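[1] Would you be able to build a 3D model of this:
(4 chains)
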4 protein chains.
Amino acid sequence: MPEDSRKRASRRLAIARGHVESIIRMLDDPHVYCVDVLRQIKAVQGALSGAGEVVLRGHLEAHVATAHERGDANEIIEELMEALKYT
Amino acid sequence: MPEDSRKRASRRLAIARGHVESIIRMLDDPHVYCVDVLRQIKAVQGALSGAGEVVLRGHLEAHVATAHERGDANEIIEELMEALKYT
Amino acid sequence: MPEDSRKRASRRLAIARGHVESIIRMLDDPHVYCVDVLRQIKAVQGALSGAGEVVLRGHLEAHVATAHERGDANEIIEELMEALKYT
Amino acid sequence: MPEDSRKRASRRLAIARGHVESIIRMLDDPHVYCVDVLRQIKAVQGALSGAGEVVLRGHLEAHVATAHERGDANEIIEELMEALKYT
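    Down below sits the predicted model:
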C-alpha cells in the first residue's frame, strides 16, 4: 500500500476507534437514548467508509491501474470485486 | 434503552473497537496489502451494523411499539426515519 | 398500507421504472461509457431507497406504533428487523 | 464498455424493470402489506447492485487496468472513486 494511503487510513481509523470508545461510554449510562446511539454508530460507519476510500484509491493507483502491464489484471480485478462485494 | 440492548450493543462495540485496533496495527507494516485492509474495514462495518441492529430492535420494542398509546408517534417516527436515513 | 403511502410509493416506483428503461436504452449504444451507466444505476438505487422510505414510514405509523396495544409487537418487530436486514 | 458487459448488464436491468413493474402492481391492491413491498424493493436494489457489478468489472478490465499505460490513471481513478462514492 502506498505510504501516504497507509498513514491517512491509519489516522482515520484512530479517530474511528476513539469514536467507538465514546459510544461504549455512552452505553454506560442507563438513561442513554437509543436513537442517539444509532446516530453515533452510523457516524462511525461513515468514518470507516472514509478510511476504506483512502485504501481503495491507493489500491487503484498502485495495483489496479498497472495490472495490464504486469499481466495479472484478471487476478487483481477478481480480488477487488470480491472485496467490494463484501459491503 | 433497554438494559439488555445496552449490554449487548456495548459488547459488540468493544469487539469492533478491538478489530479497529488490529487494522491500525496492520497499517504499521509497510508491506501491508490494500485488499487485506479493505476486507477488514468491511468486516468492522458489518460488526457495527450488528450493534446498530441490537439498538434498533431495543428502540422498536421500548419506544416505537408503544408510541401510539403514549401519543408521540409522529415525533418518534420522524426521529427514527432521520436516524435510519443517516446510513 | 396507508392509502397515501401506497400512492406515493407507486409514483416513485413508476419514475424508477422509467429510469431503468433509459439505462437499458443507454446500453444499446456500443460506445456507452461504463461510469455513466454506473452513475445512473446508483441514481435508480437512490430512487428505490426513497420509495422504500415512504413504505417504511407508512408501516411504522400504521402497524409498528400501534403494535403494543394490539399485542403483536414481537412479531411485528421481528418481521421488520428481517426486512430491514435484507439491505 | 465491453460488449459482453453491456449485454449482461442490459439483461439484468430488464429483469429489474419487470420486478419494479410487479411491485407497482402490488401497490394497486389496497390490502397490500407494507413489509411485503419493502422486501420486494430491497430485492430490486439487489438486482441493480448485480447489474452495477457487471458494469464495474467491465470498467476495471477495459479502462482502469490499462490506465497507467495510457497515461490517464489520475482521471480514471478520480472518476471511479466519485462514481463509487455515489452509493
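
[2] A:K7 sits in which helix or strand?
    Taking DSSP states H and E as the criterion, A:K7 maps to helix A:3-26.

[3] What is the neighbour count of A:G71?
    Other residues lying near A:G71 total 8 when counted by other CB atoms under 10 Å in any protein chain shown. Where you see a C-beta, it was placed from the backbone N, CA and C, and this is true even at glycine.

[4] Now do the phi/psi pair for it.
    phi 90, psi 10 (degrees, to the nearest 10).

[5] ditto for A:D72
    The phi/psi pair for A:D72 (degrees, to the nearest 10) is phi -120, psi 30.

[6] Likewise for A:D29?
    The phi/psi pair for A:D29 (degrees, to the nearest 10) is phi -90, psi 120.

[7] Check the one 4 residues further on too.
    The phi/psi pair for A:Y33 (degrees, to the nearest 10) reads phi -100, psi 130.

[8] Count the residues that sit near it.
    14.

[9] now A:G46
    14.

[10] next one: A:A14
    15.

[11] who's in contact with the residue nearest to it when sequence neighbours are not counted?
    Once flanking residues are discounted, A:A14 sits nearest to B:I24: 6.2 Å by CB to CB, 6 or more residues apart in numbering or on different chains. With contact set as CB atoms under 8 Å, 6 or more residues apart in numbering or on different chains, B:I24 has these partners: A:10, A:13-14, A:17.

[12] ok, now with 10 Å
    A:9-14, A:16-17, A:51 (CB atoms under 10 Å, 6 or more residues apart in numbering or on different chains).

[13] again, but for A:H68
    A:76, D:61-62, D:64-70.

[14] Endpoint to endpoint, stretch A:18-35 covers what distance?
    Taking CA to CA, to the nearest Å as the measure, stretch A:18-35 stretches 20 Å from start to finish.

[15] Tell me the buried residues in it?
    Going by neighbour count (16 or more other CB atoms under 10 Å in any protein chain shown), the buried part of stretch A:18-35 is A:19-20, A:23-24, A:26-27, A:32, A:34-35.

[16] from the residues you listed, which single one is nearest C:V44?
    Distance to C:V44, by CB to CB, is smallest for A:V35 among the buried residues of stretch A:18-35, at 29.4 Å.

[17] when you scan whichever strand or helix holds the closest one, is anything in it near chain D?
    Assigned by DSSP H and E, A:V35 belongs to helix A:34-59. Yes. Under the criterion of CB under 10 Å from any CB of the partner chain, chain D is reached by helix A:34-59 at A:49-50, A:53, A:56-59.

[18] quick one: which of those is most hemmed in?
    Going by other CB under 10 Å, A:L56 tops those with 27 neighbours.

[19] show me what contacts that residue?
    A:5, A:9, A:49, A:64, A:80, A:83-84, B:34-35, B:37-38, B:41, D:77, D:80-81, D:84-85.

[20] and A:Q40, how far is that from A:A47?
    11 Å (CB to CB, to the nearest Å).

[21] shared neighbours of the two, which are they?
    A:19-20.

[22] got any ranges where chain A has weak pLDDT?
    Low-confidence segments of chain A (pLDDT under 70): A:86-87.

[23] What sits closest to the spatially most central residue of it if chain neighbours are left out?
    Taking CA atoms, centre = their mean as the criterion, A:G52 is the residue nearest the geometric centre of chain A, at 2.9 Å. In space, and not counting its chain neighbours, A:G52 is closest to B:I41: 4.6 Å by CB to CB, 6+ apart.

[24] Noted, bye for now.
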